[in-house]
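Enquirer: Predicted structure and sequence below. I'll ask about it afterward.
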Amino acid sequence: MLDIVTMGEVMVQFNACTNGPLRHVVYFEKHAAGAEANFAIGMSRLGFKAGFITRVSNDEFGRYILNSLRSEGLDVSRVKIDPETRNGIYFIQRNYPIPGRSSVIYYRKGSAASKMSVNDVDPDYIKQAKLFHLTGITPALSKSCREACLKALEIASQSDIQISIDTNIRLSLWSREEAKETLIPMLRKANIVLIEPQDAEILFGKTEPKEVADEILSMGAETVAVKLGVEGAVAYTRSEEARKPAYKVPVVDVIGAGDAFAAGFISSLMLGKPLENALEIGNAAGALVVTVRGDFENMPSWEDLKKFLAAQRRETVRLR
Ligand code: KDG
């Protein structure tokens, strides 16, 4: 029995150990990463049984990814090993050209995961779960991935399984028009939507959180969270609104923060916690992840969150 199922590409990440242009970087740290895997690992650390659908290559990188997912307690029975393709990899360039920002450089075209198709989506596998999670990255990988995502969403919505979508638009994978054309119909099936203002601008031509949320709620979603980066996050249902600031932490690597937020927020909703508390947990998970290199290494357990939040409260009292 699974609590959640998600599908996506897991890549080998080569994270520059030093700042500046990649041509001058000598050392890289190897990590496994991918938005949906980061989310699934976050959920697993918070006690949810997570199933993962993907394809990996039949080589050392594929085995590394598989080991990483398995060692985090994910169900990997639907991870196919593709003998004909390579695994996607990517590099992280840090603090260049914009200080404080990282950029992501992909080598993933034609990757094993991009070959996923409707045949990778087993209806009985999805029907075991309480929630199916998707991000805007998987449908952007290829036409066959897009069809697989549509099939999975159809199965989930017909079986009354909750659907969460994190829009995660990556413009290096597809155009604004393709993203809009594909994601809007998908969002109509979602119960929970997570979005950032820059994605909302592409999808709806709006960035003001309340206006964005109203648009998505009118499409049928029950809960919308707008992620505002260093400003925290704001969430809406039809009858409620809550806002929580971000926590101030030493930032090492911002990549993965949104996926950590998603795991903290969605796990809290699944446990019936109030909206404000779900935002607090999401923000705390996001804050913890950015303090280390790699996307999921610092995904918190409930125990970690308790300690972190208690320390934040002590700090607030001390500063008063
Ligand atoms: O959310 C973090 C991801 O963006 C990163 O791990 C890389 O999955 C990735 C992607 O496709 O951009």
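Expert: Right, received. Where do you want to start?
Enquirer: Any residues of the stretch 51-200 of the chain in contact with the ligand? List them.
Expert: Proximity of the stretch 51-200 of the chain to the ligand (CB under 6 Å from any ligand atom) is limited to residues 104, 137, 170. (Glycine included, C-beta is placed from N, CA and C.)
Enquirer: Now flag whichever of the residues you listed is closest to Leu183.
Expert: Minimum separation from Leu183 among these (CB to CB) is found for Ile137, which lies at 10.9 Å.
Enquirer: on that earlier part again, can you say which of the residues of the stretch 51-200 of the chain next to the ligand are buried?
Expert: 137, 170 (16 or more other CB atoms under 10 Å).
Enquirer: need the residues of the stretch 51-200 of the chain next to the ligand in a markdown table with pLDDT and secondary structure, can you?
Expert: Putting these into a markdown table (pLDDT from 0 to 100; DSSP: H, G, I helix; E, B strand; the rest coil) gives the following:
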| residue | pLDDT | secondary structure |
| --- | --- | --- |
| Val104 | 94 | strand |
| Ile137 | 98 | coil |
| Arg170 | 98 | coil |
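Enquirer: and Asp82, how far is that from Val234?
Expert: Applying CB to CB, to the nearest Å, the value for Asp82 to Val234 is 41 Å.
Enquirer: next one: Ala113
Expert: For Ala113 relative to Val234 (CB to CB), the value is 32 Å.
Enquirer: Between those two, point out the one with more neighbours.
Expert: Ala113 (31 against 20; other CB atoms under 10 Å).
Enquirer: Next up, the contacts around the nearest residue to Ser301 once chain neighbours are set aside.
Expert: Closest residue to Ser301 apart from its sequence neighbours, by CB to CB, 6 or more residues apart in numbering: Arg45 at 5.1 Å. For Arg45, the contact set (CB atoms under 8 Å, 6 or more residues apart in numbering) comprises 72, 263, 299-301.
Enquirer: Out of those residues, list just those in strands.
Expert: Using DSSP state E, no member of those sits in strands.
Enquirer: quick check, nearest of those residues to Phe39?
Expert: Nearest to Phe39 out of those is Ala263 (CB to CB; 5.3 Å).
Enquirer: what residues does the helix or strand that Ile92 is a member of touch?
Expert: Secondary structure from DSSP states H and E places Ile92 in strand 89-94. Residues outside strand 89-94 that contact it (CB under 8 Å, 6+ apart): 11-16, 18-22, 25, 28, 61, 102-108, 253, 255.
Enquirer: Which of these fall within strands?
Expert: 11-16, 28, 102-107.
Enquirer: Now restrict those residues to buried residues only.
Expert: Neighbour counting with 16+ other CB under 10 Å marks 11-16, 102 as buried within the ones in strands among the contacts of strand 89-94.
Enquirer: Show me the two of the residues you listed that sit farthest apart.
Expert: Val12 and Ser102 (16.4 Å).
Enquirer: For the ligand, what's its nearest residue on the stretch 101-250 of the chain.
Expert: When scored by CB to the nearest ligand atom, the stretch 101-250 of the chain has Ile137 as its residue closest to the ligand, at 4.3 Å.
Enquirer: Need phi/psi at that residue.
Expert: Main-chain dihedrals, Ile137, degrees, to the nearest 10: phi -80, psi -50.
Enquirer: Let the chain start at 33 from now.
Expert: Sounds good: first residue 33 from here, last item Ile169.
Enquirer: hang on, it packs against Leu205?
Expert: Yes: taking CB atoms under 8 Å as the definition, Ile169 is a contact partner of Leu205 at 6.9 Å.
Enquirer: report the longest strand in this structure, please.
Expert: strand 82-89.
Enquirer: helices and strands around that one, which ones?
Expert: Judged by 3 or more CB pairs under 8 Å, 6 or more residues apart in numbering; DSSP states H and E, the packing partners of strand 82-89 are strand 36-39, helix 67-77, helix 92-103, strand 111-114.
Enquirer: export the ones you listed to TSV and tack on distance to Ile234 and mean pLDDT?
Expert: Output for these, formatted as TSV (distance: least, CB to CB, whole Å; pLDDT from 0 to 100):
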stretch	distance to Ile234	mean pLDDT
strand 36-39	22	98
helix 67-77	17	98
helix 92-103	29	98
strand 111-114	31	97
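Enquirer: Please identify which of the ones you listed is closest to Ala274.
Expert: Among those, helix 67-77 sits nearest to Ala274 (CB to CB), with 20.5 Å.
Enquirer: pull the CA atoms of the closest one into CSV?
Expert: Extracted in CSV, the C-alpha atoms of helix 67-77 (Å, rounded to 0.1, in the frame of the first residue of the first chain):
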residue,chain,number,x,y,z
ALA,A,67,12.1,17.7,-8.6
GLU,A,68,9.7,14.7,-8.2
ALA,A,69,12.3,12.5,-6.5
ASN,A,70,13.2,15.3,-4.1
PHE,A,71,9.5,15.6,-3.3
ALA,A,72,9.1,11.8,-2.9
ILE,A,73,12.1,11.6,-0.6
GLY,A,74,10.8,14.5,1.4
MET,A,75,7.5,12.7,1.9
SER,A,76,9.2,9.5,2.8
ARG,A,77,11.3,11.2,5.5
